[in-house]
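# Return a 3D structure for these sequence lines:
(one chain, ligands or ions: 3)
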Amino acid sequence: MGSQSNNQMKVVQGEFGYVLEDVPHLTDYIPDLPTYPNPLRSNPAYSVVKQYFVHVDDSVPQKIVVHKDTPRGVHFRRAGPRQKVYFASDEVQACIVTCGGLCPGLNTVIREIVHSLDYMYGVNQVLGIHGGYRGFYSKNTIPLTPKVTNDIHKRGGTILGTSRGGHDTMKIVDSIQDRGINQVYIIGGDGSQKGAAVIYEEIRRRNLKVSVAGIPKTIDNDIPVIDKSFGFDTAVEEAQRAINAAHVEAESAENGIGVVKLMGRYSGFIAMYATLASRDVDCCLIPESPFYLEGEGGLFEYMEKKLKENGHMVIVIAEGAGQELLDAEIQNAKNEHDASGNKLLQDVGLWISQKIKDHFTKLSKTPVTLKYIDPTYMIRAIPSNASDNVYCTLLAQSAVHGAMAGYTGFTVGLVNGRQTYIPFNRIIEQQYHVVITDRMWARLLASTNQPSFLGPKTGQVPPTQLLDDGDEKTCN
Ligand SMILES: Nc1ncnc2c1ncn2[C@@H]1O[C@H](COP(=O)(O)OP(=O)(O)OP(=O)(O)O)[C@@H](O)[C@H]1O
Ligand SMILES: O=P(O)(O)OC[C@H]1O[C@](O)(CO)[C@@H](O)[C@@H]1O
Ligand SMILES: [Mg+2]
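Ligands and ions are numbered 1, 2, ... in the order given. Have a look, this model is predicted:
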């Protein structure tokens, strides 16, 4: 038993291997802060709710698949309202910023932060930062009220605008300090959460009473620890429309082939879930599972078999899949990056469509009709669906409860179905990927019956045994 801490995380150890990876609190570096009773006590909606306040010792296990002698393992602090808050309502000057690519649900999260601050905590000074991180120091702010944000959840995109690049930590924290902001809500993906972590560090270095809360956003679902990111379900649902169109086109032609490219730079979650949801997909190609085209066990062999059996087929390919094949083939390919430093990928959808056409043209007895559908931005530029709207609401409320309770340097997230506060460094230390030796990918292979492409050609060794799926994301 014992505890260790650094600026980013406090690790508390308990009995039977219990570990709490706790988030920082303002009192870690500003002792003797005054506290106030939580205004929710006298809120008619909550005052009657028994045990509404979260117990100070409540925590949520990261791993729920256990054996009888498994140590209790890593836990995260349970999110929710606390008895005491560290901000008086009229003291709070909050701000909200959205960064990185778009994602369904951004406006819902903005709306719910504004509404939660006002309706639950009586806070009515909330500023919107325009155009991502650089907006802190280069743009005017937008006052956000429940009235201004009332209908925004019905729209795609973000009313605040977003951007990549432009993270100048010193200028951002200067702006926070100059404007008297003391709660910062940052909605963004892995890059944005890295940005949030360095903002928190600088705020702490300056000894400022400012809570920094992250709300994880990315339709790629590549953020570790959390069950899934908001907007992911909406994106998967929208992808069905493209897959359906590809299937209708393919089915209506002789040797029809539908190819659908979906987002997923390094993680193939959208492609995997869209495939599992659809049942019309015969082959799903993702960045985590290298594949090859020619020869035994390759894609073309499988396609020939499928066309012979069914007369048509549908392929879903994630944008980051097969990039190594393109790199090997396209000499002098430009090594370009976006403003945030993310590598700009080559268009694998166009490339594979051409490869397929060339292959079947060579096999002159099998002329094919190929339709390529690229719904890339259509799956993310839409409003969130009902379940994502609920999810966004809970995330926003959890973030507000956490900041009001004086926690800082945390990201809110669903862990095994429970709202939690997760230290930034657990969120940013790695990107989450589909693990092709886990159960979920095996389920997909079983559902499509496609080749696994495991073997000497891809350098992937077939697993002898499926590993425990304790670390997998989402309900399985
Ligand atoms: N290591 C880092 N340190 C500080 N800021 C960063 C870092 N990485 C990214 N950022 C900033 O975070 C913002 C968003 O980053 P990025 O464009 O990579 O999107 P993201 O948040 O990862 O979202 P997504 O990839 O889902 O679209 C940008 O303004 C970028 O400058
Ligand atoms: O064109 P943009 O806006 O840079 O966004 C594209 C990228 O954003 C993501 O949706 C999330 O990182 C990727 O899948 C995709 O490559
Ligand atoms: Mg990212």
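# any residues touching the helix or strand in which Val11 is found, and which ones?
Element membership for Val11, per DSSP states H and E: strand 10-13. When contacts are defined by C-beta atoms under 8 Å, 6 or more residues apart in numbering, strand 10-13 is touched by residues Met1, Gly2, Ser3, Gln4, Ser5, Val19, Leu20, Glu21, Asp22, Val23, Pro24, Asp28. The C-beta positions use only the backbone N, C-alpha and C, and glycine is treated the same way.
# ranges for the strands of the stretch 301-450 of the chain?
Assigned by DSSP state E, counting those that start in this stretch, the strands in the stretch 301-450 of the chain fall at 312-318, 369-373, 410-415, 418-423.
# Mind listing the strands the strand holding Val11 pairs with, and their directions?
Note on strand 10-13: by DSSP bridges, its sheet partners are strand 2-5 (antiparallel), strand 18-22 (antiparallel).
# related to what we said a few turns ago, and of the strands of the stretch 301-450 of the chain, who's closest to Asn124?
strand 410-415 (22.0 Å; C-beta to C-beta).
# Run the chain-centre distance for that closest one.
Mean-position distance between strand 410-415 and its chain equals 11 Å (C-alpha atoms, centre = their mean, to the nearest Å).
# ok, that strand: who's next to it in the sheet?
For strand 410-415, pairing defined by DSSP bridges yields strand 211-216 (parallel), strand 418-423 (antiparallel).
# Quick one, which of those gets closest to Asn150.
Minimum separation from Asn150 across these (C-beta to C-beta) falls at strand 211-216, 19.7 Å.
# So for the helix or strand just after that closest one, mean pLDDT?
Later in the chain than strand 211-216, the nearest helix or strand by DSSP H and E is helix 232-251. Averaged across helix 232-251, pLDDT comes to 97.
# Helix 232-251 and ligand 2, are they touching?
No: applying C-beta under 6 Å from any ligand atom, one finds helix 232-251 separated from ligand 2 by no less than 8.7 Å.
# now swap in stretch 127-138 and tell me
No: contact of stretch 127-138 with ligand 2 (C-beta under 6 Å from any ligand atom) is absent, the minimum separation being 11.3 Å.
# outside of that stretch, which residues touch it?
So stretch 127-138 is contacted by 93-100, 110, 139-144, 159-168, 171-172, 174-176, 179, 181, 192, 195 (C-beta under 8 Å, 6+ apart).
# Filter the residues you listed down to the buried ones.
The neighbour count (16 or more other C-beta atoms under 10 Å) marks 93-100, 110, 141-142, 144, 159-167, 172, 175-176, 181, 192, 195 as buried among these.
# List the ones among those that fall in helices.
Using DSSP state H, the subset of the buried ones among the contacts of stretch 127-138 located in helices is Ile110, Ile172, Ser175, Ile176, Ser192, Gly195.
# gap between the fourth one and Ile110?
I take that to be Ile176. In this view, Ile176 and Ile110 are 18 Å apart by C-beta to C-beta, to the nearest Å.
# follow-up on the earlier one: I'd like the strands of the stretch 301-450 of the chain as a markdown table, with distance to Thr458 appended.
Output for the strands of the stretch 301-450 of the chain, formatted as a markdown table (distance: least, C-beta to C-beta, whole Å):
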| stretch | distance to Thr458 |
| --- | --- |
| strand 312-318 | 16 |
| strand 369-373 | 24 |
| strand 410-415 | 33 |
| strand 418-423 | 34 |
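# Ala147: which element?
One thing to correct before we go on: residue 147 is Lys, not Ala. Per DSSP H and E, Lys147 falls between elements, in no helix or strand.
# For it, give me the pLDDT.
Note for Lys147: predicted pLDDT of 97.
# At which residues are the helices of this structure located?
Assigned by DSSP H, the helices in the chain fall at 106-121, 135-138, 169-178, 190-205, 232-251, 269-278, 299-310, 323-329, 348-362, 386-404, 424-428, 439-448.
# wait, what's in contact with Ser447?
Thr275, Leu276, Arg279.
# for the strand holding Val11, which positions count as buried?
Judged by neighbour count using 16+ other C-beta under 10 Å, the buried positions of strand 10-13 are Lys10, Val12.
# Over to stretch 80-90?
Quick answer for stretch 80-90 (16+ other C-beta under 10 Å): Gly80, Pro81, Arg82, Val85, Tyr86, Phe87, Ser89.
# wait, which of the residues you listed is closest to ligand 3?
Proximity of the buried residues of stretch 80-90 to ligand 3 (C-beta to the ion) peaks at Gly80, which lies at 28.0 Å.
# Distance-wise, check the closest residue to ligand 3 within the stretch 301-450 of the chain relative to Val48.
Ligand 3 sits closest to Asn342 of the stretch 301-450 of the chain, with a gap of 6.3 Å, by C-beta to the ion. Separation of Asn342 from Val48 (C-beta to C-beta) stands at 48 Å.
# quick one, which of these two is more surrounded?
Neighbour totals were compared for Asn342 and Val48, and Asn342 leads with 17 against 8 (other C-beta atoms under 10 Å).
# if we can go back for a sec, nearest to Ile436, out of the strands paired with strand 410-415?
Nearest to Ile436, of the strands paired with strand 410-415 and by C-beta to C-beta, is strand 211-216 at 23.6 Å.
# is ligand 2 contacted by the closest one?
No: against ligand 2, strand 211-216 shows no contacts by C-beta under 6 Å from any ligand atom, the least distance being 12.2 Å.
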